[in-house]
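Peer 1: how would this look folded up:
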Amino acid sequence: MKIAKDTNMLLFRFRSYGKNNFIESHKQILEDKKYVWMLKLGKRTSTEKLRNILDEGGWVVLRAPKSEGSKSFVARYVAFSEEEPEDMGYPDYYQEIIDDDESEYFEGNAISQWFKLDLITEIDEATAEELVMAKSEKKVNEVIGSTRTAVMFVRNTKEIEITEV
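Peer 2: Predicted coordinates:
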């Protein structure tokens, strides 16, 4: 499977919750159910922009923090919602986050947005190096260290070969 050059994508920075590894927790459910819901808390991302990304394939880059190796993963979302999924197809620890409205995850007026993923796979450093900011065209790796923004709009400057695991 390939992601064509110049495809618009989202980039989400993530961090693991407690002892729960973000990527492994999501991959485990993905293997069992063939999909997993990923929760994004914080400022609302424009649903129009989310639809546009979905129309281009629904690609999202997931970037780990430095403490987890700054690894990059590519995922594909096939749906999104601002309502909690009824099917509970998400990691168990999400319930702790959802139930604790005093959590650091609920800073200000945090909005819940859910993404139904059907693929998560790691991409190598060379591929991640080819990602640029959608508007400025600056390399993501040059910008990401100097911003606290959790969601970015990016695109790839080269075709990406996806190895499904």
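
Peer 1: CA only for contacts and neighbour counts going forward, please
Peer 2: Noted.

Peer 1: confidence score at Val36?
Peer 2: Note on Val36: pLDDT of 97.

Peer 1: for it, which residues are in contact?
Peer 2: Shown in contact with Val36 (CA atoms under 8 Å, 6 or more residues apart in numbering): His26, Lys27, Ile29, Leu30, Gly89, Tyr90, Lys116, Leu117, Asp118.

Peer 1: do the same with Val78
Peer 2: Residues counted as contacts of Val78 (CA under 8 Å, 6+ apart) are Leu54, Gly58, Phe115, Lys116, Leu117, Asp118.

Peer 1: so the fifth one: helix, strand or coil?
Peer 2: The reference is to Leu117. Three-state call for Leu117 (DSSP: H, G, I helix; E, B strand; the rest coil): strand.

Peer 1: may I see the buried residues of the helix or strand hosting Gln95?
Peer 2: Per DSSP states H and E, Gln95 falls inside helix 93-99. Applying a neighbour-count criterion of 16 or more other CA atoms under 10 Å, one finds Ile97, Ile98 buried in helix 93-99.

Peer 1: return the distance of it from the chain's centre.
Peer 2: 18 Å (CA atoms, centre = their mean, to the nearest Å).

Peer 1: okay, it in PDB with CA atoms only?
Peer 2: What follows is helix 93-99, C-alpha atoms only, in PDB (Å, rounded to 0.1, in the frame of the first residue of the first chain):
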ATOM      1  CA  TYR A  93      -7.400   3.200  30.300                       C
ATOM      2  CA  TYR A  94      -9.500   5.700  28.300                       C
ATOM      3  CA  GLN A  95     -12.300   5.100  30.800                       C
ATOM      4  CA  GLU A  96     -10.100   6.500  33.600                       C
ATOM      5  CA  ILE A  97      -9.400   9.600  31.500                       C
ATOM      6  CA  ILE A  98     -13.100  10.100  30.500                       C
ATOM      7  CA  ASP A  99     -14.300   9.600  34.100                       C
END
